[in-house]
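Trainee: sequence and predicted structure are below.
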Amino acid sequence: MKKVTDQHSGVPSFAEVMARLRAGQDEAATQVFDRFAGHLVALARKRLDARVLQKVDPEDVLQSVFRSFFARYPSGQLGSFASWDNLWAMLVVLTLRKCGRQMDYFHAACRDVRREVAAPSDPDGSALAGSADEPTPSEAAMLTETVERLMGCLDGRHRDILALRLQGHPPPEISSRLGCTERTVYRVLERVKQWLEAVESEPGEG
């Protein structure tokens, strides 16, 4: 089979990188990590408030996200991805879930961050509380399908709007960065909300 790469730079195509990752090649994992790490750390830092940031390093969230992804993708538990945008959306969702778990954990009445109570560690020593943020194989498959369907419904600027919103940027900033009106941003976000509500209300198959 002919090797598909960027003809000008020699950079492997998305499909090739994912095939290598599925085969367990460290180089492919490094490419994925390097491509998204900085953006995901920034996202985690925005999502965790000041109190929680005293207990949880965004880098720990990042490591937990990639630990989950790299452990599950090669075995097919996360399905497949059509593009870098699809993969990015999945990593954002995982990051938001893990940040949400940290916020819930440290703001729960019995785990108030104002009390000096150390969070239990993962087996590998990272200071992330709880493990309920890890999706089951079936949840991960459903999440992957939902993300891909959602990204497939959007194109061009609309996809960029969703990507920036997932990163935590407010509508006025998105409007400024993309050169569109705030009304357009809110209209796209409302469309996404309605789409997700419609998907959630769909009867299960089987």
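Mentor: Ah, there it is.
Trainee: measure how buried the closest residue to residue 28 other than its chain neighbours is and give me the count.
Mentor: Excluding its sequence neighbours, the residue lying closest to residue 28 (Cβ to Cβ, 6 or more residues apart in numbering) is residue 20, at 3.6 Å. Glycine gets a C-beta too; all of them are placed from N, C-alpha and C. Residue 20 has 17 neighbouring residues, counting by other Cβ atoms under 10 Å.
Trainee: can you check the pLDDT for residue 20?
Mentor: pLDDT for residue 20: 93.
Trainee: distance of it from residue 79?
Mentor: The gap separating residue 20 from residue 79 is 17 Å, by Cβ to Cβ, to the nearest Å.
Trainee: now the one helix or strand residue 186 maps to: how far from the chain's centre is it?
Mentor: In this assignment (DSSP states H and E), residue 186 forms part of helix 182-200. Centroid displacement of helix 182-200 relative to its chain, using Cα atoms, centre = their mean, to the nearest Å, is 19 Å.
Trainee: residues making contact with it?
Mentor: 146, 149-150, 153-154, 157-158, 161-162, 165, 171-172, 174-175, 178 (Cβ atoms under 8 Å, 6 or more residues apart in numbering).
Trainee: counting neighbours, which of those residues comes out on top?
Mentor: For the contacts of helix 182-200, neighbours tallied by other Cβ under 10 Å; top is residue 161, 26 neighbours.
Trainee: make sure it is actually in contact with residue 181.
Mentor: No: using Cβ atoms under 8 Å, residue 161 is not in contact with residue 181; the gap is 11.2 Å.
Trainee: what sits against residue 176?
Mentor: Neighbour list for residue 176: empty [criterion: Cβ under 8 Å, 6+ apart].
Trainee: and the top helix by length along the chain, average pLDDT?
Mentor: Longest among the helix segments of the chain by residue count, using DSSP state H, is helix 84-107. Across helix 84-107, the average pLDDT comes to 83.
Trainee: now stretch 68-81
Mentor: 84.
Trainee: from residue 21, how far off is residue 77?
Mentor: 13 Å.
Trainee: which one of the two is surrounded by more residues?
Mentor: Taking other Cβ under 10 Å, residue 77 and residue 21 do not tie; residue 21 has more neighbours (21 against 18).
Trainee: which residues of this structure fall in helices?
Mentor: Under the criterion DSSP H, the chain contains helices at 14-22, 26-47, 50-53, 58-72, 84-107, 137-153, 156-166, 171-178, 182-200.
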